[in-house]
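A.B. asks: After the sequence you'll find the predicted model.
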Amino acid sequence: MPLENYKIRETMINPIILILSVLFDRVYGELPEKIHPVVWIGNIIYFFEKLFKSSYSKNKIKDFVFGILITLLVIIIVFAVVYVIEMLIDNLGNILNDNNISKSIKYILYSFLLSTTIGYKSLLSFSKKPIDYLKNNDLENARTAVQCIVSRDASKLDKEHILSASIESASENITDSIIAPLFYATLFGLPGAFIYRAVNTMDAMMGYRNEKYEYYGKFAARLDDLLNFIPSRIAGLLLIISAPLYGGSIKRALHGFLKEGHKTPSPNSGYTMATLSHGLNMTLEKIGYYKLGTGKINIDKAYNSLKAIDVVIVMFLIIYLIIYYSLK
């Protein structure tokens, strides 16, 4: 195919792009806030929140309609901008008038932009800090570090519950931060990954059960649940089949997935948490909300949980690589 006719994405995104995007994020991490696309998406959401203000549940129907309107407007804007960017990348050969370097630059640009929708390095970094502090018997700093990644009050958590909170956050975010954006990229390219990230960001900003957001953020929260339904179960299944590679048991992981995946308030996050807790034979507990697994949690198992993130990503990429080339 002549390079001037080459499209960076046809029906399925090339696995090389996924691999490069993961490597970009793993090596360089998050962009500065001023130029990070997800921060821009957050600013768009905030703009519409000021334009279509919540009634703080005084008018439930109005709040719900405004929430739908904000969600749809954000999705439309994100889709339009990213679609234009994707088209520009596709036509880079004509813009540069040099087809010999066009394909390579397209791959690099596309992969770099896709990498901004995942949070691989930051997930590992934030999840590892509390564990590292506990390894050095620094309980207070461990509490402070874990408070950065969970909403519960960490000021009085003991060692086991700090480890649990850190692993819960890490295992839940295997889906949100990595598998889901990559999954939607495989189906819909750059627009798919960014629309997923936009919805996930709206859920993070508006998906609260409080007076302001109970109805105002309900649509965004339910849409996020819907978009995470398949990726969360893919992530859970990958944790099952790869269990021996991070020190776990396939049989126990499968038991956790089937028996306790539904036991969290979220319809999705429990599948990775329960699979990992049973796979590594440890207990994950958010006091007053859920308790998954039965084994004793410790620092070694916590580090194995972080190793599981690496293993799952590699497994996802390998499986997609096989599917992609088997369909070619």
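C.D. replies: Here it is on my side, so go on.
A.B. asks: Assumed residue 111 was part of a strand.
C.D. replies: No: under DSSP: H, G, I helix; E, B strand; the rest coil, residue 111 sits outside any strand and is assigned helix.
A.B. asks: which ones are touching it?
C.D. replies: Taking C-beta atoms under 8 Å, 6 or more residues apart in numbering, we find residue 111 in contact with 16-17, 20-21, 24. Quick note: C-beta positions are derived from backbone N, CA and C, even for glycine.
A.B. asks: Ok, residue 293 next?
C.D. replies: Applying C-beta under 8 Å, 6+ apart, we find residue 293 in contact with 256, 260, 274, 277-278, 281-284.
A.B. asks: could you redo the last one with a cut-off of 6 Å?
C.D. replies: Counting by C-beta atoms under 6 Å, 6 or more residues apart in numbering, residue 293 touches 277-278, 282-284.
A.B. asks: So what does it look like in phi/psi?
C.D. replies: The phi and psi torsions at residue 293 (degrees, to the nearest 10) take the values phi 80, psi 170.
A.B. asks: The residue nearest to it when sequence neighbours are not counted and residue 137, how far apart?
C.D. replies: The shortest distance from residue 293 to any residue other than its chain neighbours is 3.4 Å, reached at residue 277 (C-beta to C-beta, 6 or more residues apart in numbering). Relative to residue 137, residue 277 is positioned 24 Å away (criterion: C-beta to C-beta, to the nearest Å).
A.B. asks: Show me which of the two is the more surrounded one.
C.D. replies: Neighbour totals were compared for residue 277 and residue 137, and residue 277 leads with 31 against 8 (other C-beta atoms under 10 Å).
A.B. asks: what distance separates whatever helix or strand the more buried one lives in from the centre of its chain?
C.D. replies: Using DSSP states H and E, residue 277 sits in helix 269-279. For helix 269-279, the distance from its own C-alpha centre to the chain's C-alpha centre is 16 Å (C-alpha atoms, centre = their mean, to the nearest Å).
A.B. asks: for residue 130, what are its contacts?
C.D. replies: Applying C-beta under 6 Å, 6+ apart to residue 130 gives the contacts 142, 145-146, 162, 166.
A.B. asks: Model confidence for it, exactly?
C.D. replies: Per-residue confidence for residue 130 comes out at a pLDDT of 97.
A.B. asks: and it, what element?
C.D. replies: When secondary structure is defined by DSSP H and E, residue 130 falls within helix 120-135.
A.B. asks: pull the CA atoms of that helix into PDB?
C.D. replies: In PDB, the C-alpha atoms belonging to helix 120-135 read as follows (Å, rounded to 0.1, in the frame of the first residue of the first chain):
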ATOM      1  CA  TYR A 120       0.500   2.800  34.300                       C
ATOM      2  CA  LYS A 121       3.500   4.400  35.900                       C
ATOM      3  CA  SER A 122       1.500   6.600  38.200                       C
ATOM      4  CA  LEU A 123      -0.600   3.700  39.400                       C
ATOM      5  CA  LEU A 124       2.400   1.700  40.300                       C
ATOM      6  CA  SER A 125       4.200   4.700  41.900                       C
ATOM      7  CA  PHE A 126       1.200   5.700  44.100                       C
ATOM      8  CA  SER A 127       0.400   2.200  45.100                       C
ATOM      9  CA  LYS A 128       4.000   1.300  46.000                       C
ATOM     10  CA  LYS A 129       4.700   4.200  48.300                       C
ATOM     11  CA  PRO A 130       2.600   3.000  51.300                       C
ATOM     12  CA  ILE A 131       4.100  -0.500  51.000                       C
ATOM     13  CA  ASP A 132       7.600   0.900  50.900                       C
ATOM     14  CA  TYR A 133       7.000   2.900  54.100                       C
ATOM     15  CA  LEU A 134       5.600  -0.100  55.900                       C
ATOM     16  CA  LYS A 135       8.600  -2.200  54.800                       C
END
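A.B. asks: Just checking the distance from the helix or strand just after it to the centre of its chain.
C.D. replies: The element immediately downstream of helix 120-135 (helix or strand, assigned by DSSP H and E) is helix 139-147. In terms of C-alpha atoms, centre = their mean, the gap separating the centre of helix 139-147 from the centre of its chain is 23 Å.
A.B. asks: ok, and for helix 139-147, which residues are buried?
C.D. replies: Of the residues in helix 139-147, those with enough neighbours to count as buried (16 or more other C-beta atoms under 10 Å) are 142-143, 145-147.
A.B. asks: could you say what helices and strands the next helix or strand after that helix packs with?
C.D. replies: The first helix or strand that comes after helix 139-147 along the chain, using DSSP H and E, is helix 159-173. Judged by 3 or more C-beta pairs under 6 Å, 6 or more residues apart in numbering; DSSP states H and E, the packing partners of helix 159-173 are helix 120-135, helix 139-147, helix 269-279, strand 284-286, helix 299-326.
A.B. asks: quick one: average pLDDT of the third one?
C.D. replies: Confidence over helix 269-279, taken as the mean pLDDT, stands at 97.
A.B. asks: in that helix, what's buried?
C.D. replies: For helix 269-279, a neighbour-count test (16+ other C-beta under 10 Å) marks 269-279 as buried.
A.B. asks: quick one: which of the buried residues of helix 139-147 is nearest to residue 176?
C.D. replies: Checking these against residue 176 by C-beta to C-beta gives residue 146 as the nearest, at 17.7 Å.
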